[in-house]
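> give me a 3D structure for the following:
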Amino acid sequence: MAIGKAIKRSLSFEKRGVSSGKEIKKGHFAVYVGETENERKRFVIPVSYLKHPSFQELLLLAEEEFGFDQNGALTIPCSESVFVEMISRFR
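Numbers count the residues shown, from 1 in each chain. From the prediction side, this is the model:
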C-alpha cells in the first residue's frame, strides 16, 4: 500500500510541474548559467524566452560548448550578469 501512495504522490507532483523537489511552474523551464561549473546558477524562466533571437544565440553557444548530448539540465555558458541583463530586456 505504501508503494501505491508513493506512486500517486509522484504522479501528482509531475502534473503540477514539480521536479526533484524544486518547483517549476507550467510554461517555465530551468537552465543553469555560468562560465564554469563552480559559477553555475539555476534560473527558472518562461518558455516564451525561447523565441527571442538573443536567447537563441545563447542556445547556439550552449550547442557549441556542450553539443546535443548534454546530461541533465540545459547549461548556458555565459556569465550570470550578462544573462540577467539580457533577460531583463525581454519583459
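> how about stretch 40-52: buried residues?
40, 43, 45, 49 (16 or more other CB atoms under 10 Å). Yep, even glycine has a C-beta here, placed from its N, CA and C like the rest.
> and if you look at stretch 78-91?
Quick answer for stretch 78-91 (16+ other CB under 10 Å): 78, 83, 86-87.
> ok, so of those residues, who is nearest Lys26?
Relative to Lys26, the closest of those is Ile87; by CB to CB it sits at 19.0 Å.
> what helix or strand does that closest one sit in?
Element membership for Ile87, per DSSP states H and E: helix 80-88.
> and Glu65, by the same measure?
Per DSSP H and E: helix 53-66 holds Glu65.
> could you pull out the strands in this protein for me?
Listed in chain order, the strands of the chain (DSSP state E) span residues 18-19, 22-23, 28-33, 41-46, 74-76.
> same list, those, but as TSV with mean pLDDT and distance to Gln56 please.
Formatted as TSV, the strands of the chain follow (pLDDT from 0 to 100; distance: least, CB to CB, whole Å):
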stretch	mean pLDDT	distance to Gln56
strand 18-19	34	24
strand 22-23	76	25
strand 28-33	94	13
strand 41-46	94	13
strand 74-76	92	11
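> for the ones you listed, give me a markdown table that also has distance to Ser54.
A markdown table is the format used below for those (distance: least, CB to CB, whole Å):
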| stretch | distance to Ser54 |
| --- | --- |
| strand 18-19 | 26 |
| strand 22-23 | 26 |
| strand 28-33 | 14 |
| strand 41-46 | 13 |
| strand 74-76 | 12 |
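> can you pull up the bridge partners for the residue nearest in space to the middle of the chain?
In the chain, the residue lying closest to the centroid (CA atoms, centre = their mean) is Ala30, at 1.7 Å. Ala30 has these beta-bridge partners by DSSP bridges: Val44.
> against Arg89, how distant is it?
As defined by CB to CB, to the nearest Å, Ala30 lies at a distance of 21 Å from Arg89.
> circling back to that earlier point, closest to Lys22 out of the buried residues of stretch 40-52?
Phe43 (11.7 Å).
> thanks a lot, see you next time.
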